[in-house]
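Asks: sharing a sequence plus its predicted fold:
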Amino acid sequence: MPVKASSIMRSSKRVFNMLGSVYKDKFKIGEYVQYRRISRNENYEASFVTYQGIITDIKCIDPESRPVWYAQILQNGGQTDLVLLSKIRKLETN
């Protein structure tokens, strides 16, 4: 039975573009963004905490196996955090 090959199987260059550059091209250093994290209490009940900040750097972690793009974000409180690019959203500013 013939099997149809997907675009991931055909070209290694397409794999790199699919996994990394789609999100990398959406954000720029200096943009104001927000992201959420799950916080759990002692009863293991989940709540979402929203953070806001400015992108200070965009970097690829572990480029040899699979490119995973992160943004280093300077939070409003002054702390820095590494967040997956797919987990952040731009905020409109005036």
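Replies: Perfect, I can see it now. Numbers count the residues shown, from 1 in each chain.

Asks: show me what the top strand by length along the chain is packed up against.
Replies: The single longest strand within the chain, with elements called by DSSP state E, is strand 46-61. If you count contacts as 3 or more C-beta pairs under 8 Å, 6 or more residues apart in numbering; DSSP states H and E, strand 46-61 packs onto strand 32-40, strand 68-75, strand 80-84. (Each C-beta comes from the backbone N, C-alpha and C, glycine too.)

Asks: what's the average pLDDT for it?
Replies: The average pLDDT for strand 46-61 rounds to 93.

Asks: how far out from the middle of the chain is that strand?
Replies: How far strand 46-61 lies from its chain's middle: 8 Å, per C-alpha atoms, centre = their mean, to the nearest Å.

Asks: contacts only, for the residue nearest the centre of the chain.
Replies: With distances taken as C-alpha atoms, centre = their mean, L85 lies nearest the centre of the chain, 1.6 Å away. Residues near L85 by C-beta atoms under 8 Å, 6 or more residues apart in numbering: Y23, K24, K26, F27, I58, W69, Y70, A71.

Asks: and the two most separated of those?
Replies: K26 and Y70 (13.6 Å; C-beta to C-beta).

Asks: more crowded one of the two?
Replies: Comparing K26 with Y70 by other C-beta atoms under 10 Å, the one with more neighbours is Y70, at 19 against 13.

Asks: identify the bridge partners of that one.
Replies: Counting by DSSP bridges, Y70 forms beta bridges with K59, L84.

Asks: isn't it up against T56?
Replies: No. Using C-beta atoms under 8 Å, Y70 is not in contact with T56, being 11.4 Å away.

Asks: overlap of the contact sets of those two?
Replies: When contacts are counted by C-beta under 8 Å, 6+ apart, Y70 and T56 have no shared neighbour.
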